[in-house]
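The sequence and its predicted three-dimensional model are supplied below.
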Amino acid sequence: MSAGILTRLPLLAKWSGRMIQIKTPQEIELMRGAGLVVARAIGAVRAAVRPGVTTGELDAIAEDAIRSAGAVPSFLGYHGFTGSICASINDEVVHGIPDPQRVLAEGDNISIDCGAILDGWHGDSAVTVTVGPPSAEDAALIAVTERSMWAGLARAVAGGRLTDISAAVEQAITAESHPYGIVDHYGGHGIGTEMHQDPHVLNYGRPGRGPRLVPGLALAIEPMVTVGDPATVELDDGWTVVTKDGSRAAHFEHTVAITPEGPWVLTAEDGGVAGLSPFGITPRT
Ligand code: MG
Ligand code: MG
């Protein structure tokens, strides 16, 4: 074990009784491999979204992309989940189950969440896209959700605190003139040798609190935003989370590592260059 690890571990090994996994630079490199598998799987699914395709077909495309890269779909079998992606349409916020009978129609929006394990390391990412040209409502919803994710990712820098990310996500959403809802109960998370690790990352809150952000910490940042009220309910299938008021939702997610050279967006093909540039942040790539 290197001296670097010995001096770093005590900083973050324990926070409020929970364990936080700090990765070595070599382990972060392995996580980049998993992240790229997820990026390409989502890219393949995204390219296949069109009217008439089923969410079951999209799931098969994702599973094939993951397995042909030598990786394993992390969602499949997770607490009994039956897909390699979550496919959540319109008022469905997250955790929609892929279904060979569920056909996409022009005017739908679909959130695709996907995870993979490569060499024991996880990547986790999500996008929302529309089926055909977006309505003005969907275009604005998707833009604010994605922008809030990047605002959070831009704060994934060493020396900050966890809730700097939460506050940046919230501020990007509340800056809009439309009163978008920020979904509670679900949020971002630590990630590494398991998909879900401590710490939980809220999508709102005051900055300057929580664990210190140090190199080797990896997080999934994932805002879920609604056009209407943010209250949600889980359907009887035990998975699908929908808005109570039936308003539409969007969900974006990237896995990011905090490195001495800046954030490294592991599930973005370009490492985060394009998404972080409006915030004046140059990622490690
Ligand atoms: Mg996810
Ligand atoms: Mg996640």
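On my side now, so go ahead. Ligands and ions are numbered 1, 2, ... in the order given.

element containing the spatially closest residue to Ile28 that is not a sequence neighbour?
By the measure of Cβ to Cβ, 6 or more residues apart in numbering, the closest residue to Ile28 outside its immediate chain neighbours is Ala257, 4.7 Å from it. To be clear about C-beta, it is placed using only N, CA and C from the backbone, and glycine gets the same treatment. Using DSSP states H and E, Ala257 sits within strand 254-259.

hmm, that strand touching ligand 1?
No - if you take Cβ under 5 Å from the ion as the test, strand 254-259 misses ligand 1, and the best it gets is 8.7 Å.

Is the residue of the stretch 151-285 of the chain found nearest ligand 2 in a helix, a strand, or coil?
Closest residue of the stretch 151-285 of the chain to ligand 2, Cβ to the ion: Ala220 (4.0 Å). At Ala220 the chain is in strand, as set by DSSP: H, G, I helix; E, B strand; the rest coil.

Also Ile28?
helix.

burial measure for it, as a count.
By other Cβ atoms under 10 Å, the residues close to Ile28 number 22.

Equivalent analysis for Pro100, please.
11.

Which residues are in contact with it?
Neighbouring residues of Pro100 by Cβ atoms under 8 Å, 6 or more residues apart in numbering: 54-57.

Gly187 reaches Gly205, doesn't it?
No - Gly187 is beyond contact range of Gly205, at 10.0 Å (criterion: Cβ atoms under 8 Å).

Write out the residues of the stretch 51-200 of the chain neighbouring ligand 1.
Residues of the stretch 51-200 of the chain found near ligand 1 (Cβ under 5 Å from the ion) are 113, 124, 126.

and Arg67, what element?
When elements are assigned from DSSP H and E, Arg67 belongs to helix 55-68.

then that helix to PDB, C-alphas only?
The C-alpha trace of helix 55-68 is given here as PDB (Å, rounded to 0.1, in the frame of the first residue of the first chain):
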ATOM      1  CA  THR A  55     -38.500  -0.600 -24.700                       C
ATOM      2  CA  GLY A  56     -37.800  -4.400 -24.800                       C
ATOM      3  CA  GLU A  57     -35.900  -3.900 -28.000                       C
ATOM      4  CA  LEU A  58     -33.900  -1.000 -26.600                       C
ATOM      5  CA  ASP A  59     -33.000  -3.100 -23.600                       C
ATOM      6  CA  ALA A  60     -31.700  -5.900 -25.900                       C
ATOM      7  CA  ILE A  61     -29.500  -3.300 -27.700                       C
ATOM      8  CA  ALA A  62     -28.000  -2.100 -24.400                       C
ATOM      9  CA  GLU A  63     -27.400  -5.600 -23.200                       C
ATOM     10  CA  ASP A  64     -25.700  -6.600 -26.400                       C
ATOM     11  CA  ALA A  65     -23.500  -3.400 -26.400                       C
ATOM     12  CA  ILE A  66     -22.400  -4.200 -22.800                       C
ATOM     13  CA  ARG A  67     -21.700  -7.900 -23.200                       C
ATOM     14  CA  SER A  68     -19.900  -7.400 -26.500                       C
END
